[in-house]
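K.L.:
could you look at this predicted model? Sequence included:
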Amino acid sequence: MSDNGLTSRRQADEWIAEGRVSVNGKRVYELGIKVNPKSDHVVVDGKPLRPSTHDKLYLALNKPKGVLTTMDDPLGRPTIAQFLDQVPVRVFPNGPIGLGL
């Protein structure tokens, strides 16, 4: 669900625990369940989840000290977003969160 941009992984776990997700016609409650997007039929809130059609793009960034590994910070601190504004696809940061001091 997160690969499709439908929701975050944490939110997807909540939806599964709430019984909102079915795989191949069976409601699932087990967190971290693996599905094959080519053969499994996933339904969320009664609507089919279509497999992602986007190619994945992996980037490595040697970020400066004091820059957060996130795309947005409610406190207005510097984030990696300023370095990735020309990337043509949605970015999902992965790495240490913090100021990197």
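P.N.:
Sure thing, it's come through. Numbers count the residues shown, from 1 in each chain.
K.L.:
buried sites along the helix or strand of the chain with the lowest mean pLDDT?
P.N.:
Least confident helix or strand, the chain: helix 9-17 with a mean of 91, by mean pLDDT, DSSP states H and E. For helix 9-17, the neighbour count (16 or more other Cβ atoms under 10 Å) marks 12-13, 16 as buried. For the C-beta atoms, the positions are set from N, CA and C on the backbone; glycine is no exception.
K.L.:
which one of the residues you listed is nearest to Lys26?
P.N.:
For these, the residue nearest Lys26 by Cβ to Cβ is Ile16; the value is 12.2 Å.
K.L.:
tell me which other helices or strands the least confident helix or strand of the chain touches.
P.N.:
With contacts defined as 3 or more Cβ pairs under 8 Å, 6 or more residues apart in numbering; DSSP states H and E, helix 9-17 has no packing partner among the helices and strands.
K.L.:
just give me how far it sits from the chain centre.
P.N.:
Distance, stretch centre to chain centre, for helix 9-17: 11 Å (Cα atoms, centre = their mean, to the nearest Å).
K.L.:
need the next SSE after that helix, C-terminal direction.
P.N.:
strand 21-23 (DSSP states H and E).
K.L.:
adjacent strands (with direction) for that following strand?
P.N.:
strand 26-27 (antiparallel), strand 42-44 (antiparallel) (DSSP bridges).
K.L.:
hmm, who's touching the last one?
P.N.:
In this structure, residues lying in contact with strand 42-44 by Cβ atoms under 8 Å, 6 or more residues apart in numbering are 1, 6, 15, 20-23, 35, 48-49.
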